[in-house]
Every structure is written in C-alpha cells, then in structure tokens.
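1. Dropping the sequence and predicted coords here.
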There are 2 protein chains.
Amino acid sequence: MNWLDQVKWDAQGLVPVIAQEAASGDVLMFAWMNREALAKTAELGRAVYFSRSRGKLWFKGEESGHVQTVHDIRIDCDNDVVLLKVTQTGHEPGIACHTGRHSCFYSRLQDGEWLPVDPVLKDPETIYK
Amino acid sequence: MNWLDQVKWDAQGLVPVIAQEAASGDVLMFAWMNREALAKTAELGRAVYFSRSRGKLWFKGEESGHVQTVHDIRIDCDNDVVLLKVTQTGHEPGIACHTGRHSCFYSRLQDGEWLPVDPVLKDPETIYK
C-alpha cells in the first residue's frame, strides 16, 4: 500500500498540515494539502500546500520567495494530520506569515482580548510586489 | 466584540487546535474545539477539546490523568486556527498520545513508508483502565 493511500484524506480530499521550524521548534503556520501537494512536497523537499481559496496547488514562497525547505514529514496516530519540520528561507529570521511576521500565530489571548504580540519583520507591501 | 466571536468557527462550529509543549516546543497533538471547549480552556487553564467521534466536550486527561495545563492561547492571522502552549502532566516525560507516546506525530516518512520512530513510554492498557 502506497504511503499516500495511508493518509486519511477528508471529504474534500484534504489533510491539515502544521509547519514547524526545525531549528527553533516554533509553529509557523497551518495549511492544507491534497494528495498531489503532499506528493510534491516529498518529491521536491519543499512545502507545497493546497490553497482552498484559490482551489489549486500553492508552492509556498512562489510569490514571496519565502520557500520552506522540508526536513521531516510526520503523520499523527490517526493518519489524518501531517507535521512538517522546515527551514523557512528568504529572510532572516524566517517569515512564514503573509503579514510579514515570523509565525502566523502572533496573536495571544490576554485579559479577554486577542493581542498581536509578535513584530512585523518586513512590510508585506515589499514582499508581494 | 467578544474574543470568542472573533474566532472563525467552521461550518460545524469547530476550530482546529494545535497543542505544543511549552518547554520543549514539541508539537504534541492536533484536535478540535467548539466555542464551549475554548471558553472552558481559557477559564480553567487546562485543555478542553471537542471530541468529534463522541460528539461532546473532552476534558483532556479525564480518563488517562494526562491533563494539559495551558500557559498561552494563540490564534493565527486568519483567526481560524488555535495554538496552545501546554505542560503535559501525569507522566514524566509527558504523554499526549493515546498510544502511550509523547506526541501523536511519532511516524516519519522514510523511503516511501510511514515508520513509527518514537517509543511507547507507557503501555496504553495501564493508562486506560
């Protein structure tokens, strides 16, 4: 049985994916993959997601240059969630978020409010030209 | 506007949740929360998920004793994924997975196969009596 067949794809043929920075352990982002995206990720050693809004493959970094090199592909005990260990390239420190921040998880619950607590490292206007 | 209203709940009223060990940065597990689960998690400072298979709140550790103390609740740039920073209690090192392993992400893609690479720390038969 092919490793791609062992993944429990959801009703839309997708699987949730967590991208974690290999060196720091920081959780950078969360996205989705279809079968083709996961196959490409393994083949190329770079993160390829499936954009649900655009309905097509999303080669992470194709516009921003912020490519994710993939070191490790893991799956959970239910075979329905994927974890990538990546190096976030294209900027130092790495920028995974479209807001120009290191991680998409930059807002923290504090006193009953979501507060953005991590800095913008680069103006998104200069990332997406 | 209430912080719970700012979360973009999906069509089932759920949001995906990543639990990360605060001290090590290890991604322990992935689960789902409904509004009540997230409210309870914030109120109690312990992880409360929504079990999709059982259709009810799941107070993590209610059977295993492997409770997750929550230090930080984060949300991503789209307000549709939650990240918890937790301490996994009840065993040293922490066991988050129902298989008795530290993390649910114990299988690694290697030479076209998913290989379990992390050890079982405690026999699940002795965890769930």
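-> It's in.
2. the strands in chain A, which residues?
-> A:14-21, A:27-34, A:48-51, A:56-59, A:68-75, A:82-88, A:107-110, A:113-116 (DSSP state E).
3. Would you format these as TSV with distance to residue A:98, mean neighbour count and mean pLDDT included?
-> Any C-beta I mention is one placed from the backbone N, CA and C, and that applies to glycine too. TSV is the format used below for those (distance: least, C-beta to C-beta, whole Å; neighbours: other C-beta atoms under 10 Å in any protein chain shown; pLDDT from 0 to 100):
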stretch	distance to residue A:98	mean neighbour count	mean pLDDT
strand A:14-21	13	22	98
strand A:27-34	9	23	98
strand A:48-51	12	20	98
strand A:56-59	11	15	98
strand A:68-75	14	20	98
strand A:82-88	13	23	98
strand A:107-110	14	18	98
strand A:113-116	14	13	98
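4. Pipe the ones you listed into JSON lines and attach distance to residue B:69 per row.
-> As requested, these are arranged in JSON lines below (distance: least, C-beta to C-beta, whole Å):
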{"stretch": "strand A:14-21", "distance to residue B:69": "21"}
{"stretch": "strand A:27-34", "distance to residue B:69": "18"}
{"stretch": "strand A:48-51", "distance to residue B:69": "32"}
{"stretch": "strand A:56-59", "distance to residue B:69": "36"}
{"stretch": "strand A:68-75", "distance to residue B:69": "24"}
{"stretch": "strand A:82-88", "distance to residue B:69": "22"}
{"stretch": "strand A:107-110", "distance to residue B:69": "15"}
{"stretch": "strand A:113-116", "distance to residue B:69": "21"}
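5. Run through the residues of chain A sitting next to chain B.
-> A:2-3, A:6, A:16, A:18, A:20, A:24-27, A:29-30, A:42, A:72-79, A:81, A:83, A:97-99, A:101, A:104-109, A:112-114 (C-beta under 8 Å from any C-beta of the partner chain).
6. Nearest to residue B:46 among the strands of chain A would be which one?
-> strand A:107-110 (14.5 Å; C-beta to C-beta).
7. mind checking how far that closest one is from the chain centre?
-> 21 Å (C-alpha atoms, centre = their mean, to the nearest Å).
8. go on, stretch A:11-21?
-> With C-alpha atoms, centre = their mean, you get 8 Å for stretch A:11-21.
9. Also stretch A:96-111?
-> Distance, centroid of stretch A:96-111 to centroid of chain: 13 Å (C-alpha atoms, centre = their mean).
10. And that stretch, end to end?
-> 27 Å (C-alpha to C-alpha, to the nearest Å).
11. Quick one: residues in contact with that stretch.
-> The contact list for stretch A:96-111 (C-beta atoms under 8 Å, 6 or more residues apart in numbering or on different chains) reads A:19, A:21, A:26-30, A:64, A:66, A:68, A:88, A:93-95, A:114-124, A:127-128, B:3, B:42, B:72-78, B:81, B:83.
12. What residues of that stretch count as buried?
-> Of the residues in stretch A:96-111, those buried under the neighbour-count criterion (16 or more other C-beta atoms under 10 Å in any protein chain shown) are A:96-109.
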